[in-house]
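Chemist: this one's sequence-less:
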């Protein structure tokens, strides 16, 4: 074998060895092998991937491991698997498939596409070029064909761009017109405020692809508001239940816009969406869904929210013919809802509904330099300036308390528009003009003296005026009156004079009290004597009363005894008379007399024996007894004349018979 032949053999062996070496490719576990066929017929059309052995990028990928592809017919380029970092999403852009229809912004998705690993199935099932509707979730690791699909994340691009324009845009960091921050997970959560607190929010969704909105609508709600129209016909359907049905989100039907193909299939349209996103993290396609954050409606205790709806069923006024200040409608219709929202948190789309919060507690408004801390409704109210009848200028600080019943809040807002309008346009004019007119018709001093009366009159006037707007007036209070200097001087001098008069009166009262005190002191010093004299008086009075009672008893006794004695004497006299008559009949008159005289002398202890006995003579014993009795009667008669007269009684006198 010649040297030349040996060299050729060695060279061929080296070439074969080199070819063999280049034909083997070791693919790591996080890589794929993109195969390019260098020889073969040209690909038809603008399809960059060969499915039938044509020259160009091959549809089949090499998976991790040691792989053989004969070089130089085939060449292998190692590409990384698609890896979506945490907190980011991966947007898929197809470089193969049918062209998008006119007006479409994304390619249709079908279940047969799976996770886009099978390029042949994608093409066969009608996959389209351009942005795909599903997105890859954070943490996704998938071996996608780098030529068939580009995957865009916030900071990296996976795949091989085919067009020069795409290569240039990606090299410059542009993401098909979107900034890198759009390729992140959409998180709806409470946001901090400037005051150190947190604010509840919702996500307001605007979709960028789909059929246009129906004529006259400003926002899309799946299947419109036909369901509310049916609910209104149900028996017992209240406004509160309609509100609950209206605010119930339909986002679950398309997984909160994360399944955009299902959203379109369910009848979703392009534009502002009625149902907002609640708290959570969402993998939304930034080319198809835009989200802006808005404060959640929070209705505190002591207030209600009157809703002005710009979407819904046609307006059907329920306020009645007597209400001339706009239309009130049932929830679900366009207009001012007749039922307000009460205490709670509501995921209400502020682009579809405007809300006016109405305080239903006692609302205090100050016409002064200092405003209320609880609200800012009186921010434009200032001290009332007015002139009196004489031209004196007054400054009046005023406080008015009003109350809006919760059931009347929709009517109030329908009449005045907002609570600020109620205060600044209605109440301010009524209050200010009343006090100016009232003060202008009164002397300055009269206004000051009749301040309470002026306040009561103002209360009645304002109550009547606000009553026309279904607002209650709870009180009108004059807080302070800044008086003119001249009036102040006059009132000060008058007050000083009044104080002097009061001082003199107090001094006089003090002297009177001192005199009274001295009198009480002297009385206290003589208290023992006064008590003794009072007791003596009481004793005398008691004795006099006792004597009086005794005299009354004695009088009664004498009266009763006299009557009894009289009865006894009368009976005795009658008995004596009867006896005398019988004695006279038996003894004769003279005998009867002598017997009775002798009995009387014996009963009274009078001796009948004469002191001098004269014997002899011609008189009889009877004559002697008569003489003796005659003497005794004479002595008795003299004694009777000398004795005091006995009291006169009603007892009958018994006259002894004449002897």
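Modeler: Cool, the structure landed. It should be emphasised that the depicted structure is a prediction, and the values quoted were computed from it without experimental measurement.

Chemist: List the contacts of stretch 263-279.
Modeler: With CB atoms under 8 Å, 6 or more residues apart in numbering as the contact definition, stretch 263-279 has outside contacts at 186, 188-190, 202-214, 218-223, 249-251, 253-254, 256-257, 291, 294, 311, 347-349, 351-352. Every residue, glycine included, has its C-beta placed from N, CA and C.

Chemist: same question, stretch 216-228
Modeler: Contacts of stretch 216-228 (CB under 8 Å, 6+ apart): 207, 213-214, 242, 245-246, 250, 253, 266-275, 310-313, 331-332, 349, 351-352.

Chemist: Can you tell me which of those are buried?
Modeler: By neighbour count, with 16 or more other CB atoms under 10 Å, the contacts of stretch 216-228 hold 207, 242, 246, 253, 268-275, 311-313, 331-332, 349, 351-352 as buried.

Chemist: Can you list the residue ranges for helices in this structure?
Modeler: In order along the chain, the chain carries the following helices (DSSP state H): 3-23, 119-124, 164-171, 226-232, 239-247, 260-265, 409-416, 419-421, 428-440, 444-449, 451-467, 485-525, 527-603, 621-642.

Chemist: and the second one, which residues are buried?
Modeler: When neighbours are counted by 16+ other CB under 10 Å, the buried residues of helix 119-124 are found to be 119, 122-123.

Chemist: Show me what that helix is packed against.
Modeler: Helices and strands in packing contact with helix 119-124 are not found; criterion 3 or more CB pairs under 8 Å, 6 or more residues apart in numbering; DSSP states H and E.

Chemist: what pLDDT, on average, does that helix get?
Modeler: Within the predicted structure, the mean pLDDT of helix 119-124 is 92.

Chemist: so what's residue 280 closest to, chain neighbours aside?
Modeler: residue 188 (5.8 Å; CB to CB, 6 or more residues apart in numbering).

Chemist: I meant to write residue 22 there.
Modeler: Here the nearest residue to residue 22 in space, its sequence neighbours aside, is residue 71; by CB to CB, 6+ apart that works out to 3.9 Å.

Chemist: Quick check, pLDDT for the residue nearest to residue 292 when sequence neighbours are not counted.
Modeler: Here the nearest residue to residue 292 in space, its sequence neighbours aside, is residue 204; by CB to CB, 6+ apart that works out to 5.0 Å. We have a pLDDT of 97 for residue 204.

Chemist: Check whether residue 204 really touches residue 353, as I assumed.
Modeler: No: taking contacts as CB atoms under 8 Å, residue 204 lies outside contact range of residue 353: 11.5 Å.

Chemist: related to what we said a few turns ago, how many neighbours does the residue nearest to residue 280 have?
Modeler: Applying other CB atoms under 10 Å, we find 19 other residues in the vicinity of residue 188.

Chemist: For it, which residues are in contact?
Modeler: 201-203, 277-282, 291, 293.

Chemist: So for the residue nearest to residue 53 when sequence neighbours are not counted, what pLDDT did the model give?
Modeler: Setting aside the residues directly before and after it, residue 53 is nearest to residue 40 in space (CB to CB, 6+ apart), at 5.9 Å. Looking at residue 40, its pLDDT stands at 83.

Chemist: Any figure for the gap between the residue nearest to residue 280 and residue 202?
Modeler: Here the criterion is CB to CB, to the nearest Å. By it, residue 188 lies 7 Å from residue 202.

Chemist: out of the buried residues of helix 119-124, who's nearest residue 531?
Modeler: Checking the buried residues of helix 119-124 against residue 531 by CB to CB gives residue 122 as the nearest, at 127.2 Å.

Chemist: Verify the stated contact: the closest one with residue 148.
Modeler: Yes: in this structure, residue 122 is within contact of residue 148 by CB under 8 Å, at 7.2 Å.
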